[in-house]
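Q: Model the structure of this input:
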Amino acid sequence: MKKKLLVVIEAIQMNGAIKGWLGYLDAIDKNEWDVDVFLFDATKYDGIDLPNYVRRLPEDIHCVIERVGLMAAIKYTVRRGRFDLAFKRIIYSILYRWFTGFQKWNLISPAKRQVEHYDVAIGSSQGVSWQYVAEKVDSRVKLLWVDTDVRAGYWKRTWNHFKRFVPACSGIVCVSESMRDAMRMDNPQWENKIFSVNYVIDDKRILKMGNEPSPFPSSSRLRLVTVGRYSREKGQHLIPAIAGRLAKNGLDFEWYVVAPGSSAHMEQITSDLVAETVSNRVVFTDGMANPFPVVRSSDISVQPSSFEGFGLTVSEAMILGVYVVASDLPSFREQIRNESEGILAKSIDVDGFVDAILRAVQIIREGKVCQCYKTPYSAKKTYQQILQVIEQVTQ
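A: Just a heads-up that it's a prediction; the model follows:
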């Protein structure tokens, strides 16, 4: 008889965490598990297909309207004839600043419990998915996933609020060994219930998608690329200054930055590029469904993050045969094993990345780049890790 698994996901938006979860879902043995996915915010759905064997549960109106803006919530409820919830959502907005988490959610109307019993339930990302699994799901095993860098300042604030749900759950799962070790060090009372499970990185899929045509023309210039949602933690704000210094060093290059969310900051980005006189070298784009052709056609992938739970883009670039320059973070150290695959900047600032990129150029020109990277993060290995966690928390 198949076991039942529930995965609670806040929203389907293309980012590293969702790519990681799509990999997890593909890794699950379909002959052993029936898998349900509950979207906490069903309005944020970027058209990304869930595996066809996954059953997507009906949305809960209470979850949706807590997660969207006031006008969107009113339209959503009125179209469904729920004028009572529209009124409560207005009150909720007025009182918003005095409430957090489930208090806000239950202020509107308590979300329904999942009526089915599950063998395993997973809160896919620190936040409301944790709360939902802890309080609204009937399951023998409850696992809370951590997909961020637990050394970051914003994590400390998140953890202080959500750690109250840990005692009600079976275990915490981090997406890298370095984050697992950091969590254990910070929370010795829960050391035995903190684990790690690697993301699945499908090299065949990445290579296939990378062979599609690039939207940018070919060039004789050295090409740099950076992929990742636009945020302070991802470090894209450093790129204009880094590019300016590289240009002053006489490097002939172009730099494509695929950064969902960058359009909201384009005025500042443009100003910084003009100030560094590199607006003809650096191109920011707000994102694309398939960035792999851009990565494949590049010479160096640059990842100037200050925090990363894992950082899928590093392994993805190496699979595509692209040299990597990245911040010296624990999760990047797990992936970049030697200088033939990539180099870690000595400091996460302009000086550190200028030096690292110039060193990378030298390594490429000397022909010392590894073109045969094979990811150790296979679906089979990851599935076995998941089973081992379940086994350990049920002993």
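Q: Mind jotting down where the strands sit in the protein?
A: Taking DSSP state E, the strands of the chain run over residues 3-9, 33-39, 55-56, 117-123, 138-146, 171-174, 194-196, 222-227, 253-258, 282-285, 300-303, 323-327, 342-345.
Q: For this protein, name the helix or strand with the lowest mean pLDDT.
A: Between all helices and strands in the chain, the lowest mean by mean pLDDT, DSSP states H and E belongs to helix 101-108, at a mean of 53.
Q: ok, back up a step: format the strands of the chain as JSON lines; extra columns: distance to Thr382.
A: Where you see a C-beta, it was placed from the backbone N, CA and C, and this is true even at glycine. Rendered in JSON lines, the data for these read as follows (distance: least, CB to CB, whole Å):
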{"stretch": "strand 3-9", "distance to Thr382": "14"}
{"stretch": "strand 33-39", "distance to Thr382": "14"}
{"stretch": "strand 55-56", "distance to Thr382": "21"}
{"stretch": "strand 117-123", "distance to Thr382": "14"}
{"stretch": "strand 138-146", "distance to Thr382": "13"}
{"stretch": "strand 171-174", "distance to Thr382": "11"}
{"stretch": "strand 194-196", "distance to Thr382": "11"}
{"stretch": "strand 222-227", "distance to Thr382": "22"}
{"stretch": "strand 253-258", "distance to Thr382": "26"}
{"stretch": "strand 282-285", "distance to Thr382": "31"}
{"stretch": "strand 300-303", "distance to Thr382": "22"}
{"stretch": "strand 323-327", "distance to Thr382": "22"}
{"stretch": "strand 342-345", "distance to Thr382": "22"}
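Q: which stretch in those has the least confidence?
A: Among the strands of the chain, strand 55-56 has the lowest mean pLDDT, at a mean of 74.
Q: from the middle of its chain, how far away would that strand be?
A: Per CA atoms, centre = their mean, to the nearest Å, the displacement of strand 55-56 from the mean C-alpha position of its chain is 22 Å.
Q: Show me what that strand is packed up against.
A: With contacts taken as 3 or more CB pairs under 8 Å, 6 or more residues apart in numbering; DSSP states H and E, strand 55-56 sits against strand 33-39.
Q: Run the angle between the strand it packs on and strand 3-9 for me.
A: 20 degrees (axes from the mean of the first three to the mean of the last three CA atoms, to 10 degrees).
Q: List the buried residues for stretch 253-266?
A: Phe253, Glu254, Trp255, Tyr256, Val257, Val258, Ala259, Pro260, Ser262, His265 (16 or more other CB atoms under 10 Å).
Q: Pairing partners for the first one in the sheet, please.
A: Partner residues in beta bridges with Phe253, using DSSP bridges, are Leu222.
Q: is it true that it touches Ser220?
A: No. Using CB atoms under 8 Å, Phe253 is not in contact with Ser220, being 10.8 Å away.
Q: How many residues are close by Met288?
A: 14 (other CB atoms under 10 Å).
Q: same deal with the one 10 residues further on?
A: Per other CB under 10 Å, the neighbour tally for Ser298 reads 25.
Q: Asn31 versus that one, what's the distance?
A: The span separating Ser298 from Asn31 equals 40 Å under the rule CB to CB, to the nearest Å.
Q: In the protein, where is pLDDT below threshold?
A: Across the chain, the stretches falling below the confidence threshold (pLDDT under 70) are 11-17, 41-53, 57-68, 95-115, 371-372.
Q: repeat that for 50
A: Confidence mapping of the chain against pLDDT under 50 gives the ranges 109.
Q: I'd say Ile364 and Tyr323 touch.
A: Yes. Counting by CB under 8 Å, Ile364 touches Tyr323, with 5.9 Å between them.
Q: Identify the residues contacting Met266.
A: Remark: with contacts taken as CB atoms under 8 Å, 6 or more residues apart in numbering, Met266 is in contact with Phe284.
Q: gap between Ser298 and Arg164?
A: Relative to Arg164, Ser298 is positioned 45 Å away (criterion: CB to CB).
Q: Likewise for Val369?
A: Taking CB to CB as the measure, Val369 falls 48 Å from Arg164.
Q: For those two, indicate the residue with more neighbours.
A: Residue environment comparison for Val369 versus Arg164 gives the larger neighbour count to Val369, 21 against 12, counting by other CB under 10 Å.
Q: Got the phi and psi for the more buried one?
A: phi -90, psi 130 (degrees, to the nearest 10).
Q: And for it, nearest residue in space, chain neighbours not counted?
A: Tyr323 (5.1 Å; CB to CB, 6 or more residues apart in numbering).
Q: Isn't that neighbour up against Ile300?
A: Yes. Shown here, Tyr323 and Ile300 form a contact pair, counting by CB under 8 Å, at 5.1 Å.
Q: What are the boundaries of the helices in the stretch 101-250 of the chain?
A: Remark: helices of the stretch 101-250 of the chain, listed N- to C-terminal, are 101-108, 128-136, 153-162, 177-186, 203-210, 239-248; assignment by DSSP state H, counting those that start in this stretch.
Q: got JSON lines for the ones you listed, with distance to Tyr377 and mean neighbour count too?
A: Formatted as JSON lines, the entries for the helices of the stretch 101-250 of the chain read as follows, by distance: least, CB to CB, whole Å; neighbours: other CB atoms under 10 Å:
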{"stretch": "helix 101-108", "distance to Tyr377": "32", "mean neighbour count": "17"}
{"stretch": "helix 128-136", "distance to Tyr377": "23", "mean neighbour count": "22"}
{"stretch": "helix 153-162", "distance to Tyr377": "23", "mean neighbour count": "14"}
{"stretch": "helix 177-186", "distance to Tyr377": "12", "mean neighbour count": "18"}
{"stretch": "helix 203-210", "distance to Tyr377": "9", "mean neighbour count": "16"}
{"stretch": "helix 239-248", "distance to Tyr377": "28", "mean neighbour count": "22"}
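Q: Please list all residues in contact with the nearest residue to Ser378 once chain neighbours are set aside.
A: Ranked by CB to CB, 6+ apart and with sequence neighbours excluded, the top spatial neighbour of Ser378 is Val200, at 7.1 Å. Contact partners of Val200, counting by CB under 8 Å, 6+ apart, are Gly20, Gly23, Tyr24, Asp26, Ala27, Tyr377, Ser378, Ala379, Thr382.
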